[in-house]
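Asks: Fold the following.
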Amino acid sequence: MVLSVGVNERNPVTLGQVWNANLVFDRTGRLVNHRRKLVATWYERLTWSHGDAHRPRPVPLDGWQLGALICGENTNTLARFTLLAQGERLHVASYPPSWPFDARIDGGGYDLAENIRIRAAAHCFEGKVFTVVAATALDDAAVAEVAAGDAGSRRC
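Replies: Residues are numbered from 1 along each chain as shown. Now for the predicted structure:
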């Protein structure tokens, strides 16, 4: 088993700087890649800092070159190219379990699942790679907390 884990990483030398980060562990449990999301997108900018381009590279895992991008990075052509140019063969595209947009903000016309499908298919086709799309699962208590009484948010 190989793990790709999304974390909120706090900068130990500041009072509140936080990065959206991805950790990849090989099947022995060894950390083989740790990288921070390049650019915080949309609402994330209220909480998370931009990353530092630390290790934007695929890692060798049992003959595969595994690359990972977080959410909006999967729309970043140069980030995707960087992984492909270094021999990426398996791509992990991670996404959050809920989406902050609703009809009040985007007119209700944004289909996140369809757009993720299109992005993943495009990366597979362009790079001749396999892609695993992953999102966190929320239990009922977490859904209630995230939704904060908004019935529309419970659809996520």
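Asks: got the contact list for the biggest helix by length in the chain?
Replies: Looking across the chain with DSSP state H, the single longest helix is helix 112-127. Helix 112-127 has contacts (C-beta atoms under 8 Å, 6 or more residues apart in numbering) with 74-75, 80, 83-84, 88, 91, 93, 95, 99, 101, 129-131, 133. (Each C-beta comes from the backbone N, C-alpha and C, glycine too.)
Asks: If any of those residues are buried, put those into a PyMOL selection.
Replies: Of the contacts of helix 112-127, the buried ones can be selected in PyMOL as follows, counting by 16 or more other C-beta atoms under 10 Å:
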select buried, resi 74+80+83+84+88+91+93+95+99+129+131
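Asks: Could you list which of the contacts of helix 112-127 belong to strands?
Replies: 91, 93, 95, 130-131, 133 (DSSP state E).
Asks: Run the chain-centre distance for the longest helix of the chain.
Replies: 14 Å (C-alpha atoms, centre = their mean, to the nearest Å).
Asks: Pick out the lowest-pLDDT one from the contacts of helix 112-127.
Replies: When the contacts of helix 112-127 are compared on pLDDT, Phe101 comes out lowest, with 53.
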